[in-house]
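> test case, fold it:
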Amino acid sequence: MRLDYSFRNQKQSPMKTYLTYALLLLFCCLFSNPSARAQRRYLEQAEQAYKNKQFYAAAALYKKALPKIKIKDQKSRCVFMIAECYRAISSNKEAEQWYGKAIAVKYPDPSIHLYRAEALSKNGRYEDAITEFKTYQAMVPSNPSAELGIKSAEIAKKWKEIPSRYKVENMAQINSADYDFSPFYLDKKKSSLVFTSRRSGSTGGGEFDKKTGLLFTDLFVTKVDKNGKWDSPKPLPEPLNSGANEGSCWLNNKGDKIYFTRCERNKEKIMRCSIFMSTRKGIDGWNEPVPVTFDIDKYDRFDFRHPTLSPDETVMVFQSDIEALQKDSSLMEPNTDLYISRFDKKTGTWSKPENLGPNINTPGKEGFPYIRSDGNLYYASDGMLGMGGLDIYMAERTSKDKWEWSKPVNLKAPINSAADDFGIIFEGGKEKGYFSSNREGGKGKDDIWSFYLEPLVLEVEGAVTDCEKNQGVENASVRMIGSDGSSVEQKTDKNGQYKFPLAENVSYILNVFPEQEASTGQVSYFNLPEEKRKKITTLDIVKSTVAHADFCLKKIPVIISFPRVEYGLDSANIRLASRDSLDCLYKLLAENPTFVIELAAHTDSRGSLRHNLDLSQRRAEACYKYLVEEKKINPKRIVPRGYAQLHVLVTDADIAKMSSAKAREEAHQKNRRTVVRVISTTFNDPTAPAVNRAVTKPIIQGKQEEYEEDK
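Down below sits the predicted model:
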């Protein structure tokens, strides 16, 4: 249990009416036999201890009285009060157990379900907690605590499954089996830490705090030795430490001024906490601490804890119960908020505390504030969506001129856990530092943990290969375009490999362009079709990741086949259904803007050469016209040519051997075709002269006599 024990309570203790009712029952119903007198004595002592916030002692006394109680209502209330004591000192496993017992003995307060649900959440049993929260919600639908608890448990499961990239490690070298928490840097070099501890060696003279059953807290210091290891912690000297509870400190950059919390009993034997300040005396000594007072009436009625100051020491943020006690001074365990006070250099006084308001504070408890060097505010709260118990939140400073902060955000796992997480500090502007937690896996009750932000390395890598041979394609250009406007390009190595770094929260499209005719004998490939391009994203990625995107390129064949283009009988008019075929060709040309193609039309062997040459040329020209005029392909990239029957696939001799007319007609159909041949893959100049289309004589070379006869 850390020094500010009341801060760890989750909700208001039993109302005074319950106490009054119970005391009346005791005096009216107890018998005068020895067992009854012992029961009455233990109960009276337990009630008084509870009233004095000596929860550890109260729990022990209630346990002694429990077996002697015969009346059912008294027994169930005693069980409930034991649970309340454990809740007050944040013994979550014991609280869960005893609230369960209170439910079993049918204690008539619905809050037992709420408190047990909260204990279950703190113990990481989120599913069981949701069930208990729903039970309480059905009984008290007007209380928003159940809904908050359910949402927190549900979101905690997600955060636990997908943690941030912070790495945390227990500081086993300096932690003890007791409570160690609230670290702060002692020197500018960040090589010494001051923290709060209940370990042996404190200045409390070995006495135990009746509230917690533990040693009093003191401020301890540890330093990094020449080997980079933390030495054995030692208590700071008097007068900083005393017979009271000290802890939760803040030091300035020079390390010559310290503000800390001290809690001690007042004349009414009620524990009160105040903020003290001391200045350095010599190398290791400190002057007598003086209390920091604020301009507020009845100052000693309230608790003031967990001081943190701005770098220029003109602003202090701290935890207090001012408003809660002003509304109801009888509260046993009032909720706490964060307050701000400003230092007047002329008068040397601190201003009246101002509540930081609903943007920062909640109906729950806030504490352990820390103002980072950039002005951002970090603090612990149990009143917002979280993982259970206290969670650490960050609120960004909204103005350089004002000390105001935005709505806080949860630091999530692994900084936060199902247990209490609080008291964070950073090493200047670095994403590393220390915090406190009583999570599983620690060395003691509360432990100090170190943390650092693991670098986020995001990359994409892959290979470009030949689709047929499955071999790497060298010097292919891989181009990556990001949603942030970035565009990078890289050549593949001899194995076809490439790699790009990626930015956070960006979506990318990767495309591949083969290097065309780079050298003699270079194999040419088609560009990558649009549907084969890869899409990757780094949105919501919180861990270092290497994405993979592989591609394969198809070689450009001598003849490119595409769906059949049909014409009317002895006509060059393209049938409407054939436009889809030409659209496929358009897509290929659009995806490969460096291609120059020959668009070759062929007929069967029937008809004269002259007639078929004219017909095939007109058919090629019709395809050319569609692509150029309607699809806007550069005319210099297409050479339309008619070849008539000069290059049949099935000869007349072979056709004559076929037994059926159907087979012979199918053979003629094979010869009637329009094919594409890539004649260049380096077109890149729209001003270049058009390819010569006057090729009639070269085409009919060797068939000149037949052509002349047709005239």
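> and the residue most central in space within the chain, what does it touch?
The residue lying closest to the centre of the chain (C-alpha atoms, centre = their mean) is residue 164, at 4.6 Å. Contact partners of residue 164, counting by C-beta atoms under 8 Å, 6 or more residues apart in numbering, are 411-415, 542. In this view, the C-beta of every residue, glycine as well, is placed from N, C-alpha and C.
> ok, now residue 45?
residue 61.
> next, the buried residues of stretch 51-65.
Neighbour-count burial for stretch 51-65, with 16 or more other C-beta atoms under 10 Å as criterion, is recorded at 52-65.
> just the ones of those residues in helices?
55-65 (DSSP state H).
> burial count for residue 464?
If you count neighbours by other C-beta atoms under 10 Å, residue 464 ends up with 28.
> so what's residue 702 scoring on pLDDT?
What the model reports for residue 702 is a pLDDT of 56.
> let's have the chain start at 5 instead
That works, and once the first residue is 5, the last one we named lands at residue 706.
> where are the low-confidence patches of the stretch 505-654 of the chain?
Under the criterion pLDDT under 70, the flagged ranges of the stretch 505-654 of the chain are 520-527, 573.
> which parts of it are strands?
511-517, 538-541, 549-552, 555-557, 600-606, 642-646 (DSSP state E, counting those that start in this stretch).
> now swap in the stretch 105-254 of the chain and tell me
Per DSSP E, counting those that start in this stretch, the stretch 105-254 of the chain carries strands over the ranges 170-174, 184-189, 196-201, 212-213, 218-219, 222-227, 238-239, 249-255.
> got the contact list for residue 637?
Applying C-beta under 8 Å, 6+ apart, we find residue 637 in contact with 590, 593-594, 631.
> gap between it and residue 595?
For residue 637, the distance to residue 595 equals 12 Å [C-beta to C-beta, to the nearest Å].
> and residue 538, by the same measure?
15 Å.
> okay, those two: which has more neighbours?
Taking other C-beta under 10 Å, residue 538 and residue 595 do not tie; residue 538 has more neighbours (19 against 16).
> quick one: contacts for that one?
Applying C-beta under 8 Å, 6+ apart, we find residue 538 in contact with 513-514, 553, 555.
> residue 274 - how many residues pack around it?
Neighbourhood size, residue 274 [other C-beta under 10 Å]: 12.
> surely it meets residue 58?
No - counting by C-beta atoms under 8 Å, residue 274 does not reach residue 58; the two are 10.8 Å apart.
> and the helices in the stretch 205-354 of the chain?
Here the stretch 205-354 of the chain has its helices, by DSSP state H, counting those that start in this stretch, at 326-331.
> shaky segments in the protein?
Residue ranges of the chain with pLDDT under 70: 5-40, 42, 206-218, 273, 336, 520-527, 573, 690-715.
> state which strand of it is the longest.
strand 275-285 (DSSP state E).
> who are the packing partners of it?
Applying 3 or more C-beta pairs under 8 Å, 6 or more residues apart in numbering; DSSP states H and E, one finds that strand 275-285 contacts strand 261-269, strand 289-290, strand 294-295, strand 308-313.
> out of those, deepest packed?
By mean neighbour count, with neighbours taken as mean count of other C-beta atoms under 10 Å, strand 308-313 ranks first of the helices and strands packed on strand 275-285 at a mean of 25.
> buried sites along stretch 171-182?
172, 174-175, 178-180, 182.
> between the two ends of it, how far is it?
24 Å (C-alpha to C-alpha, to the nearest Å).
> next one: it to chain centre, how far?
25 Å (C-alpha atoms, centre = their mean, to the nearest Å).
> now do stretch 322-330: distance to the chain's middle.
For stretch 322-330, the separation from the chain centroid amounts to 33 Å (computed by C-alpha atoms, centre = their mean).
> buried residues, it. List them.
For stretch 322-330, a neighbour-count test (16+ other C-beta under 10 Å) marks 322-329 as buried.
> sorry, back to before: I'd like the helices and strands packed on strand 275-285 as CSV, with distance to residue 354 appended.
Formatted as CSV, the helices and strands packed on strand 275-285 follow (distance: least, C-beta to C-beta, whole Å):
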stretch, distance to residue 354
strand 261-269, 11
strand 289-290, 21
strand 294-295, 11
strand 308-313, 10
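> looking at those strands, which is nearest to residue 147?
Residue 147 lies closest to strand 308-313 among the helices and strands packed on strand 275-285, at 27.4 Å (C-beta to C-beta).
> counting by contacts, list what that closest one packs against.
Using 3+ C-beta pairs under 8 Å, 6+ apart as the contact test, the elements touching strand 308-313 are strand 249-255, strand 261-269, strand 275-285, strand 319-324, strand 370-375.
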